[in-house]
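Chemist: Following is a predicted model, sequence given first.
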Amino acid sequence: MSPTLAPIHQLAQGVRAHGPALLAGMDDPHDELMSLVWGPRFDREHALGLLARQPQTAAHTLPALLAAADHFDALHAPAQGRLRRLIVRHRALGAVGVRVAVGDLHCTATEVIINA
């Protein structure tokens with residue numbers, strides 16, 4: 001994996017692992033995720049508000065959330081922009097339920113983007 005994509009991949013793995021708990025029950029999880037990374041710094045206040053809605057998972061999710069926030073803040077602006085574009089792309093592909101072939105594997109476009 002290229003050094004440019006490695007930090008984004010690391011964040012995507014965290015979203016894959018903790019996103020379902022953090023974004024459970026949200027009308028549009030992509031909007032919530034985008035609101036966390038819209039500015040030049042991760043919106044910790046909004047993230048803590050999302051976490052407060054899920055107290056049963058807060059203890060497990062909080063350390064990963066804070067690590068993701070620090071990791072995002074350390075990204076250069078172009079990498080932050082790429083992450084935002086991936087979120088938008090993920091939403092668009094998920095809306096149409098696209099399935100793609102990657103090598104010999106068949107998977108959803110969502111899985112391809114998260115692993116990009």
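Modeler: Yep, that arrived. Numbers count the residues shown, from 1 in each chain.
Chemist: Look up the closest residue to the most centrally placed residue in the chain, ignoring the ones flanking it.
Modeler: For the chain, the residue nearest the mean C-alpha position is residue 15 (4.1 Å; C-alpha atoms, centre = their mean). Once flanking residues are discounted, residue 15 sits nearest to residue 33: 7.0 Å by C-beta to C-beta, 6 or more residues apart in numbering. In short, each C-beta sits where N, CA and C put it, glycine included.
Chemist: who does the host helix or strand of residue 48 touch, helix- and strand-wise?
Modeler: If you go by DSSP states H and E, residue 48 is part of helix 44-52. Counting contacts by 3 or more C-beta pairs under 8 Å, 6 or more residues apart in numbering; DSSP states H and E, helix 44-52 packs against helix 6-22, helix 29-37, helix 55-74.
Chemist: now it and helix 6-22, what's the angle there?
Modeler: Using axes from the mean of the first three to the mean of the last three C-alpha atoms, to 10 degrees, the inter-axis angle of helix 44-52 relative to helix 6-22 is 40 degrees.
Chemist: List the buried residues in helix 44-52.
Modeler: 47, 50-51 (16 or more other C-beta atoms under 10 Å).
Chemist: before we move on, what about stretch 85-95?
Modeler: Neighbour-count burial for stretch 85-95, counted by 16+ other C-beta under 10 Å, picks out 86-87, 90-91, 93.
Chemist: From the residues you listed, which land in helices?
Modeler: Among these, the residues falling in helices (DSSP state H) are 86-87, 90-91, 93.
Chemist: Quick check on residue 39: phi, psi?
Modeler: phi -90, psi -170 (degrees, to the nearest 10).
Chemist: OK, contacts around it?
Modeler: Not one residue lies near residue 39 by C-beta atoms under 8 Å, 6 or more residues apart in numbering.
Chemist: tell me the pLDDT at it?
Modeler: Confidence at residue 39, expressed as pLDDT, is 94.
Chemist: and what of residue 7?
Modeler: At residue 7, pLDDT is 79.
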